[in-house]
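*Asks:* fold the following and give me the result.
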Amino acid sequence: MYGENCGIECGNCLNSVQCDHINGTCMNGCDSGFQGLTCTEECDDYFFGINCRQQCNPNCDGCNKKTGVCDTGCKPGWKGMSCQEECIAGFHGENCSFTCGKCLNSTACHHITGSCDQGCDPGFEGLTCKKACSQNMYGKNCSLSCGHCFKLEQCHNMNGTCMNGCDSGYNGFNCAEECDDKHFGPNCIEMCNATCKSCNKSTGICDNGCHPGWRGLFCEDTCNQRKYGENCSMPCGHCVDSEQCHHINGICMNGCDSGFAGINCTDECDDNYYGPNCIKMCNTGCKSCNKSTGICDNGCNPGWRGVFCHEECIAGYYGGNCKNSCGHCLNEKACHHVNGKCVEGCERGYKAPHCKEGDDYCTNTFN
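*Replies:* All right, here's what the predicted structure looks like:
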């Protein structure tokens, strides 16, 4: 105690020695945590110990004014009673409570800022390497472009894998490979129509055309309208009843219409033949018949008449168009319808074979 009537209590003198009995001065200094002549003032912030002569560790957030222990915590990146230790590898920041990002080759990040001084592992970016690659990039420094992932989704940030598969027209681990010519669609699992030359790898539309005999966006329809072949551009032949020919090769499956033959029914009948598939023979009395109907529209051979030249000339006539009259055949018999000869001889007074000229012998004898 000191002062008037020794009524004032001494300050925090070193080792609790008596202060000056008059003015209260601590002649040997102050105890830890205090300062001033009478040792009644606490140490300023960041100072501690006897007479407040020691500085707190600068990594302290504020230390105990007596012991120097950082009892209010450490600044980011430090730990320990006196905040003299860096965060253990893999942690950083306040109270060393934050884990490092994906630093290259698992190196430790900076214990205070968390920055990865040597860069990031593939698939990550930013100072702290905590941000996965985005915007369709992946790999080291996020410098590689993703492939064609389904619905343009982000690929795996490290290896570029498309986790939900590929968009239409692509396949492969990273969806960077185009479908082959026979496949299309997501992951190239759809097959182009077999009638396609090659289809659009996204839609399956046969935009390079169809194989002969097929038509339509997907080459799913056969040729029609009596066409066949490449681009359905070849006209069918003369199929029976105007039927559609085979859509690929043009064959008439049920045969040919009248007047035509051959597998495609494009060959006209040979002379002397007519009808469906040219299997009927023209009448022998025809010069040549109509290849469809068999009618002798070029006329008949001598001795024949009728639409089909199947009738002999009427009795008494012969030859071309049956316009020649027979001679005087014996007993008024008809002459031969082709050459006009009287097969059984002539009437008396006429000379064979046509019995049209007089017989000089008979005339002289009977005159």
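*Asks:* drop to CA atoms for contacts and neighbour counts, all remaining ones
*Replies:* Will do.
*Asks:* so how far is stretch 33-50 from its chain's centroid?
*Replies:* Remark: stretch 33-50 is offset 82 Å from the chain centroid, using CA atoms, centre = their mean, to the nearest Å.
*Asks:* next: stretch 183-202.
*Replies:* 5 Å.
*Asks:* also stretch 172-184?
*Replies:* With CA atoms, centre = their mean, you get 8 Å for stretch 172-184.
*Asks:* got the buried residues for it?
*Replies:* Of all the residues in stretch 172-184, those buried under the rule 16 or more other CA atoms under 10 Å are Gly172, Asn174, Cys175, Ala176, Glu177, Glu178, Cys179, Asp180, Lys182, His183, Phe184.
*Asks:* closest one to Pro302 out of those, please.
*Replies:* Lys182 (68.6 Å; CA to CA).
*Asks:* who are the contact partners of the closest residue to the closest one other than its chain neighbours?
*Replies:* Spatially, and ignoring its direct neighbours in sequence, Lys182 is nearest to Cys192 (5.2 Å; CA to CA, 6 or more residues apart in numbering). For Cys192, the contact set (CA atoms under 8 Å, 6 or more residues apart in numbering) comprises Lys182, His183, Phe184, Ser198, Cys199, Gly204.
*Asks:* could you redo the last one with a cut-off of 7 Å?
*Replies:* Neighbour list for Cys192: Lys182, His183, Phe184, Cys199, Gly204 [criterion: CA atoms under 7 Å, 6 or more residues apart in numbering].
*Asks:* can I get those in CSV with pLDDT and distance to Leu330?
*Replies:* Below are the contacts of Cys192 laid out as CSV (pLDDT from 0 to 100; distance: CA to CA, whole Å):
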residue, pLDDT, distance to Leu330
Lys182, 91, 89
His183, 95, 92
Phe184, 96, 94
Cys199, 94, 88
Gly204, 96, 90
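*Asks:* so which of the residues you listed sit within strands?
*Replies:* His183, Phe184 (DSSP state E).
*Asks:* just the closest of the contacts of Cys192 to Asn23, please.
*Replies:* Phe184 (100.5 Å).
*Asks:* my read: that closest one touches Ser198, true?
*Replies:* No - contact criterion CA atoms under 7 Å: Phe184 and Ser198 do not qualify, at 9.8 Å.
*Asks:* where are the low-confidence patches of the stretch 151-300 of the chain?
*Replies:* Within the stretch 151-300 of the chain, not a single segment meets pLDDT under 70.
*Asks:* quick one: the strands in it?
*Replies:* Remark: strands assigned in the stretch 151-300 of the chain by DSSP state E, counting those that start in this stretch are 170-171, 177-178, 183-184, 190-191, 214-215, 221-222, 227-228, 234-235, 260-261, 267-268, 273-274, 280-281.
*Asks:* ok, which of the ones you listed comes nearest Lys291?
*Replies:* strand 273-274 (4.2 Å).
*Asks:* tell me how many other residues crowd the closest residue to Gly126 other than its chain neighbours.
*Replies:* Nearest non-adjacent residue to Gly126, counting by CA to CA, 6+ apart: Cys120, 7.9 Å away. The local packing of Cys120 (other CA atoms under 10 Å) involves 27 other residues.
*Asks:* which residues touch Cys120?
*Replies:* Cys120 touches Lys102, Cys103, Leu104, Cys129, Asn141, counting by CA under 7 Å, 6+ apart.
*Asks:* show me these that map onto strands.
*Replies:* Among those, no member lies in strands (by DSSP E).
*Asks:* closest to Thr161 among those?
*Replies:* Taking those together and measuring to Thr161 by CA to CA, the closest member is Asn141, at 16.6 Å.
*Asks:* Ala108 touches Gly90, doesn't it?
*Replies:* Yes - counting by CA under 7 Å, Gly90 is a contact partner of Ala108 at 5.3 Å.
*Asks:* state the distance from Gln54 to Thr25.
*Replies:* 21 Å (CA to CA, to the nearest Å).
*Asks:* got the CA positions of stretch 339-346 in CSV?
*Replies:* Only the C-alpha atoms of stretch 339-346 are listed here, as CSV (Å, rounded to 0.1, in the frame of the first residue of the first chain):
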residue,chain,number,x,y,z
ASN,A,339,-50.9,-70.1,-157.3
GLY,A,340,-54.1,-70.4,-159.3
LYS,A,341,-53.3,-73.9,-160.8
CYS,A,342,-56.1,-76.2,-161.7
VAL,A,343,-55.1,-79.2,-159.8
GLU,A,344,-57.4,-81.7,-161.7
GLY,A,345,-56.8,-80.2,-165.1
CYS,A,346,-58.6,-77.8,-167.5
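*Asks:* and for that stretch, what's in contact with it?
*Replies:* With CA under 7 Å, 6+ apart, stretch 339-346 has contacts from Tyr318, Gly319, Cys326, His328, Cys329, Leu330, Cys335, His336, Ala352, Pro353, His354, Cys355.
*Asks:* partners of the first one in the sheet?
*Replies:* Listed beta-bridge partners, Tyr318: Asn324 (assigned using DSSP bridges).
*Asks:* ditto for the fifth one
*Replies:* Note on Cys329: beta-bridge partners Cys346, judged by DSSP bridges.
*Asks:* wait, what's in contact with it?
*Replies:* Per CA under 7 Å, 6+ apart, neighbours of Cys329: Cys335, Cys342, Gly345, Cys346, Glu347, Cys355.
*Asks:* let's have those in a markdown table, adding distance to Ala261.
*Replies:* Formatted as a markdown table, the contacts of Cys329 follow (distance: CA to CA, whole Å):
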| residue | distance to Ala261 |
| --- | --- |
| Cys335 | 41 |
| Cys342 | 44 |
| Gly345 | 48 |
| Cys346 | 50 |
| Glu347 | 53 |
| Cys355 | 48 |
